[in-house]
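> Structure of the sequence below:
(one chain, ligands or ions: 2)
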Amino acid sequence: MYLHGTSKINEAGRLEIGGVDTVEIVKDYGTPVYVYDVALMKERGKGYQKAFEDAGLSYQVAYASKAFSCVAMIQLADELGLSLDVVSGGEMMTAKQAGFPMDRVHFHGNNKSLEEIALALDLGVGCFVVDNFHEIKLLQSETEKRKQKVKVLLRTTPGVEAHTHEYISTGQEDSKFGFDLQSGQVDKAINMLIDDSHIQLLGVHSHIGSQIFETSGFVMAIEKLFSEFARWKKEYSFEPTVLNVGGGFGIRYAEGDEPLEPAEYVNDIADTVKKQSEAAGMDVPEVWIEPGRSITGDAGTTLYTIGSAKDIDGVRRYVAVDGGMTDNIRPALYQSKYEGMLANRANEPTNDTFSIAGKCCESGDMLIWDLPLPEVKAGDILAVSCTGAYGYAMANNYNRITKPPVVFVEDGEANLVVKRESFEDLLRNDLPLRSKERI
Ligand SMILES: Cc1ncc(COP(=O)(O)O)c(C=O)c1O
Ligand SMILES: N[C@@H](CCCC[NH3+])C(=O)O
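Ligands and ions are numbered 1, 2, ... in the order given. Next comes the predicted model:
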């Protein structure tokens, strides 16, 4: 297993993260448990910010909280001076609970409800990233009713195909997200918003997809958007002062994944924006980005306890862990590859391969196929790396399995930031048969 961030094998031959022995974490918090390397998350956040500073651009780096949201994570984002991307009432309320400054919150979503729009207006979110005509109508009537002003970006689909899994590709024309650039939907949206006295149209947004290893897609999206700017200025007197190029910066999950450094993504984006602005004879707009995965993804490791095993001679050796698709649905959903190691016997030679099964009643509940490991036995601790993004965030209660706790580690200290879900939590909303209770 590749050792990310502060992960290392200590003198006791065990996996250590943030200066904390993972076997000790398991003693204190049980398994499964998500462990986050705080130093690595800080390094990533600061890496993006520094690259923008060096490029001399006005910017916002918004942490895409869909990747992993809990109060402590949002507080860390605040401490780092990041902005925040939220996509639901729940993510917004998590930001509120964390005390995150609402003027740095950007509200996304392709089907924001009236209640969510009202909540965002009540809380005073900094910017709505408006996705569709239905939302425009809701936002216009709600701001008119309240006589409240809001800042808006238009989410566009610039017609760029990101080279990634089709389920996480979003910038192509045939997408459920945003206003399509080619067919004139963006023009129509600008026309509807530009003279609305409650709406300040800051600029445009595009997010081409996720887990992207090259900058060409970002460059192309920026060029496509800029090619419309002169016309928008002439026809609508609309000159974008903010250009949000979304998130999607990749991480290394497994061998063969070759992500760029934050600065490499930012440099190409910044260069393109500068060049295009100069060519268009306009002021360089403020550039916003929305990294999620690349802030939390490889900072997260899940620790499991190994339980049952099944050897099929000449076919495969299966071992099962005490979690699976309920805490990490990505292998089942996207055929995502992960790496792992025995956290309690990290130095032992890996001379066999085992396939790691989850405990759900589902054949597709496999975490890793053919993982090199030493001879394993029940009670060993398996660490699976890179589970920090879209792991806890997509965790579910299939088979009524409870969600694991989350522990942040840094400088030799472990802090519980999300408690393990209890059976009581799980049953909280259940009512008996023929309950007369109404919502
Ligand atoms: C609009 C938007 N912004 C940001 C992100 C974050 O993406 P990632 O976690 O790949 O950086 C996503 C998810 O793909 C998204 O849909
Ligand atoms: N959930 C996806 C990423 C979706 C990004 C949100 N637009 C993943 O796990 O890779």
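> quick check: domain ranges of the protein?
With automatic domain parsing as the criterion, the domains of the chain are listed as 8-30+300-427, 38-296.
> Kindly reformat those as JSON lines and extend each row with distance to ligand 2, mean neighbour count and mean pLDDT.
C-beta: built from backbone N, CA, C; applies to glycine. Written out in JSON lines, the entries for the domains of the chain read as follows (distance: least, C-beta to the nearest ligand atom, whole Å; neighbours: other C-beta atoms under 10 Å; pLDDT from 0 to 100):
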{"stretch": "domain 8-30+300-427", "distance to ligand 2": "3", "mean neighbour count": "18", "mean pLDDT": "98"}
{"stretch": "domain 38-296", "distance to ligand 2": "4", "mean neighbour count": "19", "mean pLDDT": "95"}
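> out of these, nearest to ligand 1?
If you check each of the domains of the chain against ligand 1 by C-beta to the nearest ligand atom, domain 38-296 wins as the nearest, at 2.8 Å.
> Would that closest one count as contacting ligand 1?
Yes: for domain 38-296 and ligand 1, the contact criterion (C-beta under 6 Å from any ligand atom) is met by 64, 67, 85, 108, 170, 207, 210, 246-249, 290-294.
> so which of those would you say is closest to D311?
Distances from those to D311 were compared by C-beta to C-beta; the smallest belongs to R293, at 35.6 Å.
> Would you mind listing the outside residues contacting stretch 41-57?
The set of residues that contact stretch 41-57 without belonging to it, under C-beta atoms under 8 Å, 6 or more residues apart in numbering, is 5, 59, 61, 63, 76-77, 80-82, 261-263, 265-267, 270-271, 273-274, 284, 286-287, 289, 291, 294-296, 299, 388.
> do that again at 7 Å, thanks
Contact partners of stretch 41-57, identified using C-beta atoms under 7 Å, 6 or more residues apart in numbering, comprise 59, 61, 76, 80-82, 261-263, 266-267, 270, 284, 287, 289, 291, 294-296, 299.
> and if you look at stretch 145-156?
Outside stretch 145-156, the residues that touch it by C-beta under 7 Å, 6+ apart are 121, 126-131, 143, 177-179, 181, 186, 189-190, 193, 198-206, 225, 242, 244.
> And for stretch 282-294?
So stretch 282-294 is contacted by 44, 48, 57-64, 66-67, 85, 203, 207, 210-211, 229, 239-247, 249-251, 262, 269-270, 273-274, 277, 389 (C-beta under 7 Å, 6+ apart).
> One more pass at 6 Å, please.
Outside stretch 282-294, the residues within contact range by C-beta atoms under 6 Å, 6 or more residues apart in numbering are 44, 57-62, 64, 66-67, 85, 240-247, 249, 251, 273-274, 277, 389.
> rewinding a little: ok, which of the domains of the chain comes nearest L433?
With respect to L433, and counting by C-beta to C-beta, the nearest of the domains of the chain is domain 8-30+300-427 at 14.2 Å.
> For that closest one, measure first residue to last.
Terminal residues of domain 8-30+300-427 lie 39 Å apart, using C-alpha to C-alpha, to the nearest Å.
> Let's see which of the contacts of stretch 282-294 end up in helices.
The helices, defined by DSSP state H, take in 44, 273-274, 277 from the contacts of stretch 282-294.
> In the stretch 151-300 of the chain, mark out all the strands, start to finish.
Taking DSSP state E, counting those that start in this stretch, the strands of the stretch 151-300 of the chain run over residues 179-180, 199-206, 242-244, 286-289, 300-312.
> nearest to A393, of those strands?
strand 300-312 (10.2 Å).
> how distant is that closest one from the center of its chain?
Its chain's C-alpha centre and that of strand 300-312 lie 26 Å apart, by C-alpha atoms, centre = their mean, to the nearest Å.
> Quick check: can you name the pairing partners of it and their directions?
As defined by DSSP bridges, the strand partners of strand 300-312 come to strand 33-37 (antiparallel), strand 316-321 (antiparallel), strand 381-385 (antiparallel).
> Skipping adjacent residues, who's closest to E258 in space?
Spatial nearest neighbour of E258, excluding adjacent residues (C-beta to C-beta, 6 or more residues apart in numbering): F213 at 5.8 Å.
> pretty sure that neighbour is touching G250, no?
Yes: counting by C-beta atoms under 6 Å, a contact exists between F213 and G250, whose distance comes to 4.6 Å.
> Mutual contacts of the two, please.
Common neighbours of F213 and G250, counting by C-beta under 6 Å, 6+ apart, are P259.
> quick one: the helices in the stretch 1-150 of the chain?
Using DSSP state H, counting those that start in this stretch, the helices of the stretch 1-150 of the chain run over 22-29, 38-55, 71-79, 89-97, 114-123, 133-146.
> To A343, which of those helices lies closest?
Proximity of the helices of the stretch 1-150 of the chain to A343 was assessed by C-beta to C-beta; the nearest stretch is helix 22-29, lying at 4.4 Å.
> hmm, stretch 319-338 touching ligand 1?
No: using C-beta under 6 Å from any ligand atom, we find that stretch 319-338 stays clear of ligand 1, coming within 12.1 Å at best.
> Restricting to C-alpha, output that stretch in CSV.
Taking C-alpha atoms only, stretch 319-338 is exported to CSV below (Å, rounded to 0.1, in the frame of the first residue of the first chain):
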residue,chain,number,x,y,z
VAL,A,319,-11.5,-12.8,3.6
ALA,A,320,-14.3,-10.7,5.0
VAL,A,321,-14.1,-7.5,7.0
ASP,A,322,-16.6,-5.9,9.4
GLY,A,323,-17.7,-3.2,6.9
GLY,A,324,-17.9,-3.0,3.2
MET,A,325,-20.3,-1.2,0.7
THR,A,326,-22.0,0.5,3.7
ASP,A,327,-18.9,2.5,4.5
ASN,A,328,-17.4,2.5,1.0
ILE,A,329,-19.7,2.1,-1.9
ARG,A,330,-17.2,3.3,-4.5
PRO,A,331,-15.9,-0.1,-5.6
ALA,A,332,-19.5,-1.4,-6.1
LEU,A,333,-20.6,1.8,-7.8
TYR,A,334,-17.6,2.8,-10.0
GLN,A,335,-15.4,-0.4,-9.9
SER,A,336,-12.9,1.9,-8.0
LYS,A,337,-9.6,0.4,-7.1
TYR,A,338,-8.1,0.6,-3.6
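> And the contacts of it?
With contact meaning C-beta under 6 Å, 6+ apart, stretch 319-338 is reached by 31-32, 165, 253-254, 304-309, 354, 357-360, 364-365, 367-368, 376, 382, 384, 387, 391, 394-396, 398, 401, 404.
> now it: how far from the chain's centre is it?
Centroid displacement of stretch 319-338 relative to its chain, using C-alpha atoms, centre = their mean, is 17 Å.
> I295: what's its closest spatial neighbour, skipping adjacent residues?
Among residues not flanking I295 along the chain, R44 sits closest, at 4.8 Å (C-beta to C-beta, 6+ apart).
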